[in-house]
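**Q** Sequence and predicted model, in that order:
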Amino acid sequence: MKNLLPASERNIRFAAEVIRRGGLVAFPTETVYGLGADALNPKAVARVYEVKGRPRFDPLIVHISSADHLSLVVDDVPEDARRLIKEFWPGPLTLVLKKSDRVPPITTAGLPTVAVRMPDHPVALKLIEYSGRPIAAPSANPFGYVSPTSAEQVAETLGERVDVILDAGPTRIGVESTILAVSEGKVLLLRPGGLPVEEVERVLGKRVELPRDGRTVAPGMLKKHYSPRTPLFLIGDWNDYFRLRARYGRVLLLSPKPIWGVEGEVVHLSQRGDVREVAQNLFGILYRIDKLDYPAVAVLPVEEEGLGRAVMNRLRKASVR
Ligand code: TXA
Ligand code: MG
């Protein structure tokens, strides 16, 4: 595929020029690959929605590389946000803040707020810096499908509809950023992600509000998402597993830690039982599973703390109910 380029200095500069001219560039971040366009160019942003097949009511995250960019997209940064920025940027934390007039409505799906983050990846930071523009980017997957953690996965699913795909190998964290809505005195978790909520609470010295179960707190936070084509079941115990086997015959089991003695095929999401490794491997394994023909996949849960919250959130949305 001729749009898949190694993320060399020269190719990053070329990709930055593509962004400046209103084109689309898929690029690596520390979380997942993003599908980027000039956040301030409504026509370029419209192409992002189109190529991804994303509904226009689902706003994009604006990626920045400097404090200057931040003051371009938001007018006012509340105290809590300031502290979080100081501690965690660049990093897997997205803040939803009141937007400035410079951000076109299409980028935020008409909302008065903008989601903004500074990614912790040299290629992403250079791309933004060289293009001189904040870059609006959702994850670089077709709408509803699994987020890509490698450039090949982007190439396989979005192909030639993207002008350039910058390849810098697999991503380090493997799940998307944590999203927090910050307004005067209040911090609300919109999506658990790469930055554990516990760390946010430690820095703020107060609790982050969690959305009540089942409530849609942000547009695009749909119940079903991140779904492989192979039916995936989040199982509670071995009885669930045996029931699935009785129903589907061949069932691939994904385990967050090494297990032995299971009759049937097993993939270990981590060799060490480390949730960071589970997060890193999860989406890549879901892409691979869709190329094998299992009638069903069963996944054992992880502890719901730290990164485990993000992993369980993605598994629930990916699973059949
Ligand atoms: O790690 C990440 O966050 C990756 C990389 C590429 O940076 N990006 C990502 O983008 O996951 P996306 O579009 O797949 O998810 C962004 C979510 C959307 O579901 C949307 O609902 C929410 O962010 N969002 C964006 N702007 C918002 C706003 N103004 N208010 C509330 N939610 C917003
Ligand atoms: Mg996404």
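**A** Yep, that arrived. Numbering: from 1, shown residues only. Ligands and ions are numbered 1, 2, ... in the order given.

**Q** My read is that Glu303 contacts Val275, right?
**A** Yes. With contact defined as CB atoms under 8 Å, Glu303 reaches Val275; the gap is 7.2 Å. The way it works is simple: take the backbone N, C-alpha and C, and place the C-beta from them, glycine included.

**Q** So between those two, which is more surrounded?
**A** Taking other CB atoms under 10 Å, Glu303 and Val275 do not tie; Val275 has more neighbours (23 against 12).

**Q** got a list of what the more buried one touches?
**A** Shown in contact with Val275 (CB atoms under 8 Å, 6 or more residues apart in numbering): 256, 302-303, 306-308, 311.

**Q** how much space is there between the residue nearest to Ser100 when sequence neighbours are not counted and Met312?
**A** Spatial nearest neighbour of Ser100, chain neighbours left out: Asp75 (4.8 Å); criterion: CB to CB, 6 or more residues apart in numbering. For Asp75, the distance to Met312 equals 36 Å [CB to CB, to the nearest Å].

**Q** Please say which of the two ends up with more neighbours.
**A** Between Asp75 and Met312, Met312 has the larger neighbour count (other CB under 10 Å), namely 19 against 12.

**Q** just checking, the more buried one touches Glu304?
**A** Yes. At 5.3 Å, Met312 counts as touching Glu304 under the criterion of CB under 8 Å.

**Q** Give me the distance between the two termini of stretch 36-45.
**A** Using CA to CA, to the nearest Å, the end-to-end distance of stretch 36-45 comes to 8 Å.

**Q** Is ligand 1 within reach of that stretch?
**A** No. Applying CB under 6 Å from any ligand atom, one finds stretch 36-45 separated from ligand 1 by no less than 8.0 Å.

**Q** which residues sit against that stretch?
**A** Contact with stretch 36-45 is made by 19-20, 22-27, 47-48, 60, 62-63, 73, 102-107, 127, 131, 133-137, as judged by CB under 8 Å, 6+ apart.

**Q** what sits against Arg133?
**A** Residues in contact with Arg133 (CB under 8 Å, 6+ apart) are 19-20, 38-41.

**Q** Show the pLDDT at Arg321.
**A** What the model reports for Arg321 is a pLDDT of 62.

**Q** and what of Arg215?
**A** Arg215 is given a pLDDT of 53.

**Q** what does Ser227 give?
**A** 86.
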